[in-house]
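Colleague: Sharing a model that was predicted from the sequence below.
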Amino acid sequence: PRKVFLVRGNHEDRLMNVNYGFHDNCQRKFPVEGTDIWERMNDVFEFLPVAALVDNTTLCIHGGIGDSINSLDDLRGIPKPIQVVGEITASTTRQD
């Protein structure tokens, strides 16, 4: 492909990706700066688009379209940064 576009999915938020090991991977690969790298990556995730329209014919979106979305303009109007409300605590993270 000549171009690649990233679309935000459900793992591109702090609570979800800490549960699935992204934070641990950052710390393991970058022992000194891992947490800072993880934070900056999540800052970037908050600005990813939730959808992409390819050639004006194909809508790409992770998951589904919520009841409040009725048009492409509704998707375009979602303000950035997109921050998922939730606190990272022992009760909200996986305990494998």
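Modeller: Ah, there it is.
Colleague: so after the longest helix seen in the chain, what's the next helix or strand?
Modeller: Taking DSSP state H as the criterion, the chain has its longest helix at helix 34-45. Downstream of helix 34-45, the first helix or strand assigned by DSSP states H and E is strand 51-54.
Colleague: What pairs with the helix or strand that that following strand is followed by, parallel or antiparallel?
Modeller: Downstream of strand 51-54, the first helix or strand assigned by DSSP H and E is strand 58-61. If you go by DSSP bridges, strand 58-61 pairs up with strand 51-54 (antiparallel).
Colleague: Of all residues in this structure, which one is nearest the centre?
Modeller: The chain has Glu12 as the residue nearest its centroid, 2.1 Å off, counting by C-alpha atoms, centre = their mean.
Colleague: returning to that earlier point: ok, residues contacting the longest helix of the chain?
Modeller: For helix 34-45, the external contacting residues (C-beta atoms under 8 Å, 6 or more residues apart in numbering) are Arg8, Glu12, Asp13, Arg14, Asn17, Phe22, His23, Cys26, Gln27, Arg28, Phe30, Pro81. Where C-beta positions appear, they are placed from N, C-alpha and C, glycine not excepted.
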